[in-house]
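Novice: everything below, folded, please.
(one chain, ligands or ions: 2)
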Amino acid sequence: MQKRTPRGMSMMVETVDDLARLADYSFMDQLNCDPDGRADGADHAPRQVFSGHYVPVKPTPIENPEYVAHGKTLFNELGLADSLAQSDDFTRMFSGDLSRVPEPIRKAGWACGYALSIYGNEYTRQCPFQTGNGYGDGRAISVLEVVANNQRWEMQLKGGGRTPYCRGGDGRAVLRSSVREFLAQEHMHALGVPTSRSLSLYVSTTERVRRPWYSEGSRSTDPDVLVSEPVAISTRVAPSFIRVGQLELFSRRARKQEHPQAMEELEKIVLHLIDREYSEVIDQTLATPEKVVMLAQAFRRRLTSLVANWVRVGYCQGNFNSDNCAAGGYTLDYGPFGFCDVFDPRYQPWTGGGHHYAFLNQPAAADRNFYSFCTALRPLLAAHPGCLRQLDEIQGDFPQVMQDEMEKMWAAKLGLDAFDAELFSELATLMMQTPVDYTMFFRELSSVPDDIEGLKKSFYEGRTYAADPEGLDKRWSAWLTQWKSCIRPGAREELSHQMKGVNPKYSLREWFVVPAYQQAAEGNYTLLRELQEVMTQPYAEQSRDIEDKYYRLKPPELFDLGGSSHYSCSS
Ligand SMILES: Nc1ncnc2c1ncn2[C@@H]1O[C@H](COP(=O)(O)OP(=O)(O)OP(=O)(O)O)[C@@H](O)[C@H]1O
Ligand SMILES: [Mg+2]
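Specialist: Residues are numbered from 1 along each chain as shown. Ligands and ions are numbered 1, 2, ... in the order given. Model (predicted):
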């Protein structure tokens, strides 16, 4: 794979020296560095950070790193040779050791503070100082920004050791959670849903930490044992890692006039967000208030589309707080997430998330995050009542725009040109009563079956179904007939093809991931690689063997299992 350097010469990135040629810190250098931080980045103890957009932090390398996986699609896009992932210098750098990186790559990375709102309510309780000044990237450390093929990417280690925001945590991520995030990011990208991307994953062959987890076969809600797990560092990549919570942090400081530069820091981070994530849709020459209004509009578009896409592919974020909501409108933080098996509007794998953040409540949760986002922008419009009114309107219309996106998405899943409320309502009822496997149902429907026999492959046949199978089958048949009267007549092949591009065949169910990370913890990456392969082509039919393994109902004995069907801790 060839790529172009900024000077127009093409080259392949085969070494970290080559990578260094793509380094470009000009954007982040426009931001304010914490004036109390140590420039060398040897700043790891939890403390309050009162101002500045970032703190220089040197990652803490994991001991004896071993290559686990790299994101082949992203490598390809960036022009990185696959061999780079297992080279010594790349392994060293992306397992946290920056001591020998070539210039201009810096020997310290950076961590950012952010605030937290839960369902639109501002919280500071999570901050050990109760001020909000100690909350932020506790174990995420960005190490590089590159410009490749005219696209700017930030590279961020997760599990790279303590930062001033670690709040007493160890700054580490275990292999289990790192495998989950790594696979899910690649899968999400392949599903066509905006997301942070997977660059690399290394595990330590000697360093371990203890985490609360579930004993074998446990059905307990909360973890019932402490397990020792290998630590890992995964690197994720995005145009920026600015979160809604980050804007809130600076906005709260501006609102409370916490220091003389507070308003300037807010304006800077907002303009920075526009430059990094919205430069193509917001005119550079506009004044800040106009830019802010356009930003709200553009983010609303992205956020509503994102959430509709999540529902399309059966994804539940699980903890959609403002600090897990990327201001660029992509998916971020694959900790408490899950891809559903059984269709259930209240599906929520994370036991700490409650129904607020359940599967079909995600549009409402997005509305709350959008509210927090708009609130954060308000101080910048204080002297511009006209712009404030526009912002109010953009915010007020969120539920309607969200609803429109959802209806468009349901119509696409059903292969219809327009949403049909009655048809959808009966379908949702049947899907819950039967109940069905969400992914399999829509994929089977995508074959435009003659009768309901094919659809029955997706039936879990619960109590309601068992009580009256003939009755439910009859209603399903009636629904199918009704659906057929709504689809375009005579173009079955074309419709099927179109629907199969909307309804994936494969989804990253947790019970596929569990054996993969368990095996990986023993140093065997066979299953992980197979999953990576299968889940990066989720719309393809794939082989019969893969279909038998990965296109099937969740076995009954795997329901309600702690650590698989639900988890209370994801890190
Ligand atoms: N082991 C740890 N050490 C230090 N800080 C941690 C640790 N685990 C989580 N945190 C911090 O606690 C906060 C909440 O954790 P959460 O699970 O949302 O984030 P995460 O999965 O680490 O990160 P991210 O949102 O960056 O993907 C985050 O600010 C995170 O950085
Ligand atoms: Mg998080």
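Novice: can you report phi and psi for the closest residue to ligand 2 within the stretch 201-350 of the chain?
Specialist: Proximity of the stretch 201-350 of the chain to ligand 2 (Cβ to the ion) peaks at residue 333, 4.0 Å away. In short, each C-beta sits where N, CA and C put it, glycine included. Residue 333 adopts backbone torsions of phi 70, psi 80, taken as degrees, to the nearest 10.
Novice: now do the contacts for it.
Specialist: Taking Cβ atoms under 8 Å, 6 or more residues apart in numbering, we find residue 333 in contact with 317, 319, 324.
Novice: next, the second one: secondary structure please.
Specialist: The one in question is residue 319. What DSSP: H, G, I helix; E, B strand; the rest coil gives for residue 319 is coil.
Novice: show the pLDDT at it.
Specialist: Looking at residue 319, its pLDDT stands at 96.
Novice: how much space between it and ligand 1?
Specialist: 6 Å (Cβ to the nearest ligand atom, to the nearest Å).
Novice: my read: that residue touches residue 336, true?
Specialist: Yes: with contact defined as Cβ atoms under 8 Å, residue 319 counts as touching residue 336 (4.3 Å).
Novice: between the two, what contacts are shared?
Specialist: Shared contacts of residue 319 and residue 336, defined by Cβ under 8 Å, 6+ apart, comprise 350, 352, 353.
Novice: of those, buried ones?
Specialist: 350, 353 (16 or more other Cβ atoms under 10 Å).
Novice: show me the shared contacts of residue 319 and residue 336 that map onto helices.
Specialist: Judged by DSSP state H, helices contain none of these.
Novice: can I get the shared contacts of residue 319 and residue 336 in JSON lines with distance to ligand 1?
Specialist: Shown next, in JSON lines, are the shared contacts of residue 319 and residue 336 (distance: Cβ to the nearest ligand atom, whole Å):
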{"residue": "350", "distance to ligand 1": "10"}
{"residue": "352", "distance to ligand 1": "10"}
{"residue": "353", "distance to ligand 1": "11"}
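Novice: and which of the shared contacts of residue 319 and residue 336 is nearest to residue 440?
Specialist: Within the shared contacts of residue 319 and residue 336, distances to residue 440 taken as Cβ to Cβ reach their minimum at residue 350, with 23.6 Å.
Novice: which one's more surrounded, residue 319 and residue 336?
Specialist: Each of residue 319 and residue 336 has its neighbours counted (other Cβ atoms under 10 Å); residue 336 has more, 24 against 21.
Novice: please compute how far stretch 326-337 lies from its chain's middle.
Specialist: 3 Å (Cα atoms, centre = their mean, to the nearest Å).
Novice: and stretch 160-168, how far out from the chain's middle?
Specialist: Distance, centroid of stretch 160-168 to centroid of chain: 21 Å (Cα atoms, centre = their mean).
Novice: tell me the average confidence for that stretch?
Specialist: 97.
Novice: around ligand 2, pick out the residues from the protein.
Specialist: By Cβ under 5 Å from the ion, the residues of the chain that approach ligand 2 are 324, 333.
Novice: quick one: mean pLDDT over the longest helix anywhere in the chain.
Specialist: Longest helix of the chain, by residue count under DSSP H: helix 288-313. Per-residue pLDDT over helix 288-313 has a mean of 98.
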